[in-house]
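Trainee: Have a look at this fold, sequence not included:
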Ligand code: BT5
């Protein structure tokens, strides 16, 4: 492709560094001369040189070849918004990406941003969390630089009672992303875990601000253990845990994983808004490998056993119990028997 094809008029407003990265990507490893880049970006060759230097300082690997130009080798594997924004042509999820080094909890940060008016599909990422949250006040271990801690702000035109459907959406997206990037076969565990080889590699925490019949916003919290090492897990976990690195046997690019996940979330959310919950429910049940299995559930209402017959539209697990009466379970821990 000719270098000028990559600069469309609507990209002119993007920051220069981001446009430069787009050009390097489109060049697919070719050497681009300072003059070519300067022409395509509408700036001087000195400005090109300066911005290449800035990209290098951010961890981009770019080789400068005297009197020939620049060759792009690889992006950094940190989750800078610049890199994730590049090439991700989002309908909603990922149109705006905010990436911070450190925060208490990305869900809390996303909540604050939603209060201040952040739009549908805004994504918040952190390199580490000092107060990562699980359900019911539990803690989510969030060491720096190795995992994904992500929260997505959504403003869906649905009733608050059906908001739990969005947990199924993030579970399916995480499972698909793991499969696509590593070829591992993840299994979803009701209500909010994703397992590989029966060990938890991801947890989901959705939170909502709503009135009786209106959702102001939902925050989809997604934590995925990507390159976490065995000695980074605490000893007192409720459930065996692992990371993609440990199960896959090789490091996984956080950038590739995150880009894949965001684009899957975006297309699944679009599908959900256009076609409703049904396709998602089917895929979730297939990926949970749970239909017609006998399970034991311990919940606030006590323990029970039954055969799973489906998922209700509010996310409840539907069980056929031995007394013949179908039961709905809204929360609790499930294991196969
Ligand atoms: C969850 O809770 O699985 C939801 C986790 C959601 C985390 C994301 S990260 C981005 C966003 N921002 C946040 O602050 N949170 C979300 P739950 O099912 O309650 O599981 C929590 C339990 O899992 C803990 O009590 C530990 O036993 C265990 N655990 C803690 N950290 C873990 C980790 N990194 N990997 C696997 N298990 C972990």
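Mentor: Structure's in. What do you need? Note that the coordinates shown come from a computational prediction; the quantities given were computed from them, not determined experimentally. Numbering: from 1, shown residues only.

Trainee: Mind checking what secondary structure residue 280 has?
Mentor: Secondary structure, DSSP: H, G, I helix; E, B strand; the rest coil: residue 280 is helix.

Trainee: Any buried residues in the helix or strand where residue 46 lies, and which?
Mentor: Residue 46 belongs to helix 45-57 when elements are defined using DSSP states H and E. Judged by neighbour count using 16 or more other C-beta atoms under 10 Å, the buried positions of helix 45-57 are 47-48, 51-52, 55. Heads up, the C-betas are built off the backbone N, CA and C, glycines and all.

Trainee: which one of those sits closest to residue 256?
Mentor: Compare each of those with residue 256 using C-beta to C-beta and the shortest gap goes to residue 55, at 18.7 Å.

Trainee: which ones are touching the closest one?
Mentor: Counting by C-beta atoms under 8 Å, 6 or more residues apart in numbering, residue 55 touches 17, 20-21, 62.

Trainee: Inside strands: which ones of these?
Mentor: Helix and strand membership here follows DSSP state E; of the contacts of residue 55, those in strands are residue 62.

Trainee: Going by neighbour count, which of the contacts of residue 55 comes out on top?
Mentor: With neighbours set by other C-beta atoms under 10 Å, the maximum within the contacts of residue 55 is found at residue 20, which has 28 neighbours.

Trainee: list the contacts for it?
Mentor: Neighbour list for residue 20: 37, 41, 48, 51-52, 55 [criterion: C-beta under 8 Å, 6+ apart].

Trainee: same deal with residue 45?
Mentor: Contacts of residue 45 were listed using C-beta under 8 Å, 6+ apart, and they are 34-35, 37-38.

Trainee: can we see that at 7 Å?
Mentor: By C-beta atoms under 7 Å, 6 or more residues apart in numbering, the contact list for residue 45 reads 34-35, 38.

Trainee: By neighbour count, which of these wins?
Mentor: Neighbours here mean other C-beta under 10 Å. Within these, the largest count is held by residue 34, at 19 neighbours.

Trainee: Chain neighbours aside, what residue packs nearest to that residue?
Mentor: Closest residue to residue 34 in three dimensions, ignoring its sequence neighbours and counting by C-beta to C-beta, 6 or more residues apart in numbering: residue 45, at 4.4 Å.

Trainee: One more: residue 92?
Mentor: Spatial nearest neighbour of residue 92, chain neighbours left out: residue 121 (3.5 Å); criterion: C-beta to C-beta, 6+ apart.

Trainee: ok, and the one you found, which helix or strand is that part of?
Mentor: With elements taken from DSSP H and E, nothing contains residue 121; it lies in neither a helix nor a strand.

Trainee: Now for whichever residue of the stretch 151-300 of the chain sits closest to the ligand, how many residues are close by?
Mentor: Per C-beta to the nearest ligand atom, residue 203 is where the stretch 151-300 of the chain lies closest to the ligand, at 2.1 Å. The burial metric for residue 203, expressed as a neighbour count using other C-beta under 10 Å, is 24.
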